[in-house]
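Trainee: Attaching a predicted model along with its sequence, questions to come.
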Amino acid sequence: MINEPRLLRQIEQHPYPLLFVTISGAHLYGFPSPDSDYDLRGVHLLPLEEVVGLRTGQETVEKSGIHDGLEIDLVTHDAHKFFGLLLKKNGYVLEQVLSPLVIHTTPEHAELKEIARNCITRHHAHHYLGFAETQWKLFQKEDPPHVKPLLYVYRVLLTGIRLMRTGEVEANLGRLHESFKLPYIPELIAQKVGGTEKGRLERADLGFHQREYERLRAELEQMYQESRLPEAPSGAAALHDLLLHVRLEAQERMA
């Protein structure tokens, strides 16, 4: 658990009960700059009357700005929406629910983490391939290029390869480097961590990074073909039961 009072204050001000809140973004990925914002992600619970009536509540709650000197971007989804995303090939929500950087948790969060592992399929590779392609295009747009999108490219490709090989979600690039041992990763991380969120690579070997991007992309595509992960998630029934449980329990607390 992370005990940062300024982050906790934002959680306490949330309009709905929360199942969990974790940190995502650069802090989770292991390369926050001194000026990086805090990406808080989680699940909230709409009261029953805001689910079954004609006037429904906020399926997604978003709040961003500078609070107590910290730049914070908070996004939570109602449990119904979040559980539905878990059943799709959505790496974002997997990383959020399984993030080790926990701000707020509940017993149901622990149950959700177990169920989430039964929602991992080989088709999550498509999420990471698509994310990497988007970031690679962003990297190529600027001259000199920014270091951030390049780190995202390597992070998502290595996360995807690791997931296809082992079924484990690892979003921290530093820990991924311990397994992959790519010699250029520590230097890129050091430049981002010691610089700014929009720092640039003044002397980037673009040809080298192009070849590495293509090599790792091809490896992820190969791992997708060879992966023994399931074709489809098996956690739908458990998610249904958990959703009923948390919705009814929240209603009882409010009664």
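Mentor: Thanks, I have the structure now. Numbers count the residues shown, from 1 in each chain.
Trainee: Which positions in stretch 12-19 come out as buried?
Mentor: His14, Tyr16, Pro17, Leu18, Leu19 (16 or more other Cβ atoms under 10 Å). No exception for glycine: its C-beta is placed from N, CA and C like everyone else's.
Trainee: measure that stretch end to end?
Mentor: 13 Å (Cα to Cα, to the nearest Å).
Trainee: How far off centre is it?
Mentor: How far stretch 12-19 lies from its chain's middle: 20 Å, per Cα atoms, centre = their mean, to the nearest Å.
Trainee: contacts for it?
Mentor: For stretch 12-19, the surrounding residues in contact (Cβ atoms under 8 Å, 6 or more residues apart in numbering) are 11, 42-47, 57-58, 61, 74, 76, 78-79, 104, 106, 108-109, 112, 246, 250, 253.
Trainee: Show me what stretch 233-240 is in contact with.
Mentor: Phe83, Leu86, Leu87, Ile115, Ala116, Asn118, Cys119, Ile120, Thr121.
Trainee: Output it in PDB with nothing but the alpha carbons.
Mentor: Taking Å, rounded to 0.1, in the frame of the first residue of the first chain, the C-alpha atoms of stretch 233-240 are listed here in PDB:
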ATOM      1  CA  PRO A 233     -11.500 -15.800 -20.900                       C
ATOM      2  CA  SER A 234     -13.000 -18.100 -18.400                       C
ATOM      3  CA  GLY A 235     -13.800 -15.600 -15.700                       C
ATOM      4  CA  ALA A 236     -17.200 -14.400 -16.900                       C
ATOM      5  CA  ALA A 237     -19.300 -16.300 -14.400                       C
ATOM      6  CA  ALA A 238     -17.100 -15.300 -11.500                       C
ATOM      7  CA  LEU A 239     -17.200 -11.700 -12.500                       C
ATOM      8  CA  HIS A 240     -21.000 -11.900 -12.700                       C
END
